[in-house]
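K.L.:
Whatever this is, show me its structure:
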Amino acid sequence: MATIDDIANLAGISAKTVSRVLNDDKAVKPITREGVLGAALKLEYRPNVQAGNWFWERQI
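P.N.:
I've put the predicted structure just below:
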């Protein structure tokens, strides 16, 4: 299973930028967005829903 770090390494950018792209931050340049999404497709990235649920459960 690919991670945000895997995408960042393949795209040659930071994990923070990958996170911003995946969360649809409009401040990310289109060329950067294309690179991240291309790397995510190549690695067959799928979000870890369980990790997201765990984070939000801990906030309550």
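
K.L.:
Give me the below-cutoff pLDDT ranges for the chain.
P.N.:
The chain contains residues with pLDDT under 70 at 51-60.

K.L.:
Longest helix of this structure, counting residues only.
P.N.:
Criterion DSSP state H: the longest helix present in the chain is helix 30-42.

K.L.:
Which positions in that one come out as buried?
P.N.:
33, 35-37, 39-40 (16 or more other Cβ atoms under 10 Å). In short, each C-beta sits where N, CA and C put it, glycine included.

K.L.:
any idea how far residue 31 is from residue 48?
P.N.:
Separation of residue 31 from residue 48 (Cβ to Cβ, to the nearest Å): 27 Å.

K.L.:
Can you get me a residue count around residue 7?
P.N.:
26 (other Cβ atoms under 10 Å).

K.L.:
That one reaches residue 38, doesn't it?
P.N.:
No: counting by Cβ atoms under 8 Å, residue 7 stays clear of residue 38, with 9.6 Å between them.

K.L.:
And the helices in this protein?
P.N.:
4-11, 15-22, 30-42, 49-59.

K.L.:
Return the list of helices and strands in contact with the second one.
P.N.:
Applying 3 or more Cβ pairs under 8 Å, 6 or more residues apart in numbering; DSSP states H and E, one finds that helix 15-22 contacts helix 4-11, helix 30-42.

K.L.:
Which one of those helices lies nearest to residue 19?
P.N.:
helix 4-11 (5.9 Å; Cβ to Cβ).

K.L.:
Name the residues of that closest one that are buried.
P.N.:
Neighbour count says helix 4-11 has 4, 6-8, 10-11 buried, by 16+ other Cβ under 10 Å.
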